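> Okay, structure incoming, though there's no sequence with it:
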């Protein structure tokens with residue numbers, strides 16, 4: 001099963017005309033591991049993914065909203081830890097110039 005991250009990386013590779021070989025050399029990712037990532041058979045660590053996206057001018061953006069110790073009321077569709085919502089998102093954004 002392919003991941004959205006693999007699709008994004010593949011699109012960026014096409015857009016910037018960068019080969020698998022070149023990305024693996026620059027990021028230090030084993031080429032067979034990178035191919036498995038692109039095929040959806042494995043994952044890259046957050047550090048590797050961040051370094052890879054940085055080459056294309058993007059950065060990972062993390063956001064955590066709510067903790068088990070905060071007193072937050074949440075809609076019923078949010079995941080709960082105890083009685084409190086935990087929301088985690090990871091997205092990318094263009095790096096500021």
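Alright, I've got the coordinates. In this text the structure is predicted, and so the values were computed from the model without any measurement.

> Please list the residues outside the helix ranked longest in the chain that contact it.
Counting by DSSP state H, the longest helix found in the chain is helix 4-16. Helix 4-16 is contacted by residues 18-20, 23, 37-40, 43-44, 49, 52-53, 56, 58, 92 when judged by CB atoms under 8 Å, 6 or more residues apart in numbering. The way it works is simple: take the backbone N, C-alpha and C, and place the C-beta from them, glycine included.

> residues of that helix that come out buried?
5, 6, 9, 12, 13 (16 or more other CB atoms under 10 Å).

> Let me know the pLDDT of the fourth one.
We note a pLDDT of 92 for residue 12 in this prediction.

> Helix, strand, or coil at residue 60?
Following DSSP: H, G, I helix; E, B strand; the rest coil, residue 60 is assigned to strand.

> For it, the count of nearby residues, please.
Residues near residue 60, counting by other CB atoms under 10 Å, number 15.

> what bridges to it?
residue 92 (DSSP bridges).

> Correct me if wrong: it contacts residue 46.
Yes - between residue 60 and residue 46 a contact is recorded at 6.9 Å, counting by CB atoms under 8 Å.

> pLDDT-wise, which helix or strand of this structure ranks last?
For the chain, counting by mean pLDDT, DSSP states H and E, strand 80-81 ranks last in confidence among helices and strands (a mean of 50).

> which residues of this protein fall in strands?
All strands of the chain, identified by DSSP state E, fall at 58-65, 80-81, 84-85, 87-94.
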